[in-house]
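A.B. asks: compute the structure for the input listed below.
(2 chains)
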Amino acid sequence: MQIRVLLFATLRDRAGARSLELDVPSGTTVGGLKVKVASDFPKLRESMSTVLIALNREYAFDEAVVPEGAEVAMFPPVSGGASELIVPASIA
Amino acid sequence: MVLDFPTILSVTEQELDLDDLLRKVTLPGTGAAAIFAGMVRAISSQGILRETAYLHYEAYVPMAEAKMRQVSEEIRKRWRAVQGIAIVQRIGRLDPGTPTIMIICTAAHRDSGVFEAARYGIDRLKEIVPIWKKEVGPDGEAWVEGSHPTGLQS
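C.D. replies: Purely as a prediction, here's the structure:
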């Protein structure tokens, strides 16, 4: 199935795109999706260990299956609040 | 008579208007409002002092609004006396001194949990609402990443 993955913050900067188009088998899990992104998009490989994934605007974990037609988003830990880690934009 | 308790949730690029928000969460029986506002700092400390020219806030808007709704529902479950709730986040370019977040909880009296409710609101927001900020200063730009969250499921 074709899925579109929305990217935010560091992920978008690193990919140089607002979204990715992927072709994955039905039944692909969130964990499988990360493996696929890491292999197809080397610039995002490093991000895959800390990235958060949302399916239909709800946080999803590695075991979750990506439903057909789901809204999929990928982003770093949120930072509306306290700053914990600074990622220089030059490498972002 | 059934009173509708107002819940105001939004992600906006407009200037936050405290008076307007207060009006929207004040009912005839409201006697207290606890207000939290978060501002952009001109100087931040990351071990060393860093100067910030401005911040750029970005949100995954539809999910942010859904998560704000979740936070407001959690507040209502824990503090039954809370009447109005406002959670508003400003995004886009924000200069130092500018409020970027306002959380207001109202109730009949100040001892009804409003302080704790507003505190809970900002803590949860920082934990689960998908909003990110990029600091822009004299030495360039840097995304500020949060720690890996622990409370996503609860």
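
A.B. asks: where do the helices of chain A begin and end?
C.D. replies: Along chain A, counting by DSSP state H, helices occupy A:9-15, A:30-40.

A.B. asks: neighbours of the closest residue to residue B:32 other than its chain neighbours, how many?
C.D. replies: Residue nearest to residue B:32 in three dimensions, not counting chain neighbours: residue B:110, with 4.1 Å by CB to CB, 6 or more residues apart in numbering or on different chains. Quick note: C-beta positions are derived from backbone N, CA and C, even for glycine. For residue B:110, the count of nearby residues is 12 (other CB atoms under 10 Å in any protein chain shown).

A.B. asks: wait, doesn't residue B:14 sit right on residue B:89?
C.D. replies: No: the criterion here is CB atoms under 8 Å, and residue B:14 misses it with residue B:89 at 11.2 Å.

A.B. asks: so which of these two has more stuff around it?
C.D. replies: residue B:89 (24 against 9).

A.B. asks: what's around residue 56, how many residues?
C.D. replies: You didn't pick a chain, so chain A it is. Other residues close to residue A:56 by other CB under 10 Å number 15.

A.B. asks: my question was about chain B
C.D. replies: For residue B:56, the tally of surrounding residues (other CB under 10 Å) stands at 15.

A.B. asks: from residue A:55, how far off is the residue positioned nearest the centre of chain A?
C.D. replies: Nearest to the mean C-alpha position of chain A, counting by CA atoms, centre = their mean, stands residue A:74 at 2.7 Å. According to CB to CB, to the nearest Å, residue A:74 and residue A:55 sit 11 Å apart.

A.B. asks: that older thread, contact partners for the residue nearest to the centre of chain A?
C.D. replies: A:5, A:6, A:7, A:8, A:11, A:37, A:51, A:52, A:53, A:54 (CB atoms under 8 Å, 6 or more residues apart in numbering or on different chains).

A.B. asks: the last one contacts residue B:63, doesn't it?
C.D. replies: Yes: between residue A:54 and residue B:63 there is a contact under CB under 8 Å: 5.8 Å.

A.B. asks: common neighbours of the two, please.
C.D. replies: Each of A:73, B:130 lies in contact with both residue A:54 and residue B:63 under the rule CB under 8 Å, 6+ apart.

A.B. asks: ok, back up a step: save the helices of chain A as CSV, and put in mean pLDDT, mean neighbour count and distance to chain B too.
C.D. replies: Below are those laid out as CSV (pLDDT from 0 to 100; neighbours: other CB atoms under 10 Å in any protein chain shown; distance: least, CB to the nearest CB, whole Å):
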stretch, mean pLDDT, mean neighbour count, distance to chain B
helix A:9-15, 94, 22, 4
helix A:30-40, 96, 17, 13
